[in-house]
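S.K.: When you get a sec, could you give me coordinates for this:
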Amino acid sequence: MTASQTQASEPTPPAPEDPKAKHADEARDGGPLPVMGLAALGIVYGDLGTSPLYTLQTILQATGSHVDSHVALGVLSLIFWTLLITISVKYCVFVMRADNHGEGGILALMSLVGMSDWKRGTFVGASMGLMGAALLYGDGVITPAISVLSALEGVNVATSALKPYILPIAVAILLALFSVQRFGTSKIGGAFGPIMLVWFVVIGVLGLLQVVRHPQVLLAVNPAYGLAFLVHSGPAAMLVLGGVFLCATGGEALYADMGSFGRAPIRWAWYGVVLPALLLSYAGQTAMLMEHGRANGQNPFFTLAPSWAVYPLVGLATLATIIASQAIITGAFSMTRQAMQLGWLPLSNVRQTSHKSYGQIYVPVVNWLMMGATLAITIAFKSSDKLAGAYGTAVSTTMLLTTLLLYRAMHKTWRWPPPVVWGVTAVFLAVDGGFFSANLLKLVDGGWVPLSIGAVIFTLMVTWRQGVQTVRDKLVRDARSTDDFMAEMERSGVVRTPGVAAFLTRLGDRAPPLMVEYVKLTGSLHQTVIALSLSFEQVPRVAPEDRADFSEISKDFWRVNLRYGFMENPDLSVGLAELKEFGEQVDLSKALFFGTRDFVVRASHPKMGRMRTGLFAFLFRNGLRITDRFNLPPDRTFEIAREIKI
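M.R.: Okay, the predicted model is just below:
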């Protein structure tokens, strides 16, 4: 890192109905509500929409081979109320109100409630937000694997001859999916919404045909069936809940993708299309089970289709799962950018793959790491049945952490009456806590995989943040005040050479250490000097008129600070060019930019411990160069190596 990662003072979070929040939501509509709702189908609901492929099959494995009407109706009742409480109420009504100037996601929520700093008083809240974000990487690794495998395994309903080829085909599809990420999805992304609309219509119609034949499945809306089933299941009840939870995986995408579409299109798509289609599909599968039982252990989803339609349905399911996987990958890219801007991950290369859509980005290091992990998991587990044991632990943990942060938003930010806050939180904690406990039973069956990935990412985040703060503290201790430095320059007769020099600095109120070293080495300094710092705010975007402030702290010595939101790609060349008033006083056309190429080494008694200091030094050493990250002119940018002991 060569630019400032210092955090601005905590902004006052907007109330849920704040006019600015409303404006931010409207600004992301970008078109008629049905059009944006259709687009949301392809991005937001891929994971949720493909859950009928494996949810009921996983539940049946927990209940055993015997399926009677009480079992079938009990399972369907649990699915119905899970979708209703977790998605329709918790996320659509409550969580999506907690927008950070229109943006969503657990990192945005963490910033909204004032828990984005790693210091006394915010450790717990920041840990919850960071762990929730880290676990989404674990979910993102498993989702493509289980989705594609479950879709391809549908051919087993028609024939077992293709069974040996399912795994190689799945690996090939996943390999191709990650390989094309560098080209972006702007050209094919327009087809995602229509394809997913076809998918929801098809699964809804297939389910409706069975519901019409067996209307008694509608009795499952009575929660008594679900509760009675859990009671009679005994010890197996927790295993059943672990399977039921799979119907809600992907629910966090509603909140995470809110900044791209706004609340209204996401809610419209859910209530108008996705929820009815999912309920009809699950009800149809239940009706088939009530009539025929579980035939030869086949996936109940594909038994809904007539024999002639199995292969087309497998093809459509494969397309839907590819779209779902794409959405997860894109979400991981977006979250990585947020974490970098907020100072929780080292700077990495972020490529914009579309000039029209800001959300179309590509992060190479994240893409290849996810690809390696996904392929390894696919090959290791071999089937969706086995992967189901690893799926859900990360998502259930993230949902539980989201509820805890939501409590703070309701209590501290919105200042709702305490009885309302406690009542809402109690309901959500009861549901999330039950699913979290149930998914803990999956640890030995593979649940440890996403949790381990999340733990590694969490460790990297915390280590990076503490390391950067340690470096900054050392620089502050060693830095000199601007007045003392300028006075010494005048006394020592430092030669002032023509030109403009901008020194990047993390210290907003001290003389840039690099400038001090430059004067010591050369005995000279340019006639006009700029101390240039960069800071990321706790808001998604900063308005152009609020981008920068500048001041002349002494003759020909200027201090400029450029501010960016955590959803923006900083471009210092553009940012400086936008300073018209500053440009009238300082000619930036030929300005030279100076930054450091720091090398962190362990001190004899490292503050963070030997292992974590070594990890931070590795991350710091492999961070992105300033000329690549901030778009500085390469022919006028100089990097000076510096060793920092911590």
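S.K.: Could you measure from the residue lying closest to residue 571 once chain neighbours are set aside over to residue 430?
M.R.: Nearest residue to residue 571, sequence neighbours excluded (Cβ to Cβ, 6 or more residues apart in numbering): residue 631, at 4.6 Å. To be clear about C-beta, it is placed using only N, CA and C from the backbone, and glycine gets the same treatment. According to Cβ to Cβ, to the nearest Å, residue 631 stands 50 Å off from residue 430.
S.K.: Compare these two (neighbour count), which wins?
M.R.: Neighbours per residue, other Cβ atoms under 10 Å: of residue 631 and residue 430, the larger number sits with residue 631, 15 against 11.
S.K.: which residues in the stretch 251-400 of the chain form strands?
M.R.: Here the stretch 251-400 of the chain has its strands, by DSSP state E, counting those that start in this stretch, at 351-352, 361-362.
S.K.: What residues does the nearest residue to residue 74 once chain neighbours are set aside make contact with?
M.R.: In space, residue 74 comes closest to residue 229 once its chain neighbours are excluded; the distance is 2.4 Å by Cβ to Cβ, 6+ apart. The neighbours of residue 229, taking Cβ atoms under 8 Å, 6 or more residues apart in numbering as the test, are 70-71, 73-75, 77-78, 240.
S.K.: From those residues, keep the buried residues only.
M.R.: 71, 73-75, 77-78, 240 (16 or more other Cβ atoms under 10 Å).
S.K.: What helix or strand is the residue nearest to residue 571 located in?
M.R.: Using DSSP states H and E, residue 631 sits in no helix or strand.
S.K.: Can you report phi and psi for it?
M.R.: phi 60, psi 50 (degrees, to the nearest 10).
S.K.: Tell me where this structure is predicted with low confidence.
M.R.: Residues of the chain meeting the criterion pLDDT under 70: 1-31, 64-66, 158, 185-189, 294-297, 354-359, 625-628.
S.K.: Moving C-terminal from the longest strand along it, which element do we reach first?
M.R.: What stands out as the longest strand in the chain, according to DSSP state E, is strand 524-536. Counting by DSSP H and E, the next helix or strand C-terminal to strand 524-536 is strand 548-554.
S.K.: Give me the sheet partners of that following strand and which way each runs.
M.R.: Neighbouring strands of strand 548-554 in its sheet, by DSSP bridges, are strand 557-564 (antiparallel).
S.K.: Pull the CA coordinates from the partner strand and hand them back as CSV.
M.R.: This file holds the C-alpha atoms of strand 557-564, laid out as CSV (Å, rounded to 0.1, in the frame of the first residue of the first chain):
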residue,chain,number,x,y,z
PHE,A,557,3.7,23.7,-0.3
TRP,A,558,0.2,22.2,-0.8
ARG,A,559,-1.7,19.5,1.0
VAL,A,560,-4.3,17.6,-1.1
ASN,A,561,-6.6,14.8,0.1
LEU,A,562,-8.7,12.8,-2.3
ARG,A,563,-11.7,10.9,-0.9
TYR,A,564,-13.3,7.8,-2.4
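S.K.: Can I get the following helix or strand past that strand in CSV, CA atoms only?
M.R.: Where DSSP H and E defines the elements, the next helix or strand beyond strand 557-564 is helix 572-577. Taking C-alpha atoms only, helix 572-577 is exported to CSV below (Å, rounded to 0.1, in the frame of the first residue of the first chain):
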residue,chain,number,x,y,z
LEU,A,572,-5.8,9.9,-8.9
SER,A,573,-5.1,11.4,-12.4
VAL,A,574,-8.8,12.0,-12.9
GLY,A,575,-9.3,13.1,-9.3
LEU,A,576,-6.6,15.8,-9.6
ALA,A,577,-7.8,16.9,-13.0
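S.K.: ok, and for helix 572-577, which residues are buried?
M.R.: Judged by neighbour count (16+ other Cβ under 10 Å), helix 572-577 contains these buried residues: 572, 575-576.
S.K.: now what about that helix, what contacts it?
M.R.: For helix 572-577, using Cβ under 8 Å, 6+ apart, the contacting residues are 3, 532, 534, 547-548, 560, 562, 564, 582-583, 588, 630-633.
S.K.: cutoff 7 Å now
M.R.: Contacts with helix 572-577, where a contact means Cβ atoms under 7 Å, 6 or more residues apart in numbering, come from 547-548, 562, 588, 630-633.
S.K.: Could you dump those into TSV and include distance to residue 154?
M.R.: Formatted as TSV, the entries for these read as follows, by distance: Cβ to Cβ, whole Å:
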residue	distance to residue 154
547	52
548	56
562	53
588	61
630	48
631	47
632	52
633	55
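S.K.: filter these to the buried ones?
M.R.: 547-548, 562, 588, 630, 632.
S.K.: just these now: which is nearest residue 46?
M.R.: Of all those, residue 46 sits closest to residue 630, with 33.4 Å by Cβ to Cβ.
S.K.: is it true that that closest one touches residue 570?
M.R.: Yes - the pair residue 630 and residue 570 qualifies as a contact (Cβ atoms under 7 Å) at a distance of 5.4 Å.
S.K.: residues in contact with the spatially most central residue of the chain?
M.R.: In the chain, the residue lying closest to the centroid (Cα atoms, centre = their mean) is residue 335, at 3.6 Å. Counting by Cβ under 7 Å, 6+ apart, residue 335 touches 105, 107, 133, 136.
S.K.: Let's see the ChimeraX selection covering just the buried ones among those.
M.R.: Those of the contacts of residue 335 that count as buried under 16+ other Cβ under 10 Å are selected in ChimeraX with:
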select :105,107,133,136
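S.K.: Could you dump the contacts of residue 335 into CSV and include distance to residue 313 and secondary structure?
M.R.: Compiled in CSV, these are given as follows (distance: Cβ to Cβ, whole Å; DSSP: H, G, I helix; E, B strand; the rest coil):
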residue, distance to residue 313, secondary structure
105, 33, coil
107, 38, helix
133, 35, helix
136, 30, helix
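S.K.: Kindly indicate which of the contacts of residue 335 lies nearest residue 56.
M.R.: For the contacts of residue 335, the minimum distance to residue 56 (Cβ to Cβ) is 24.9 Å, reached by residue 136.
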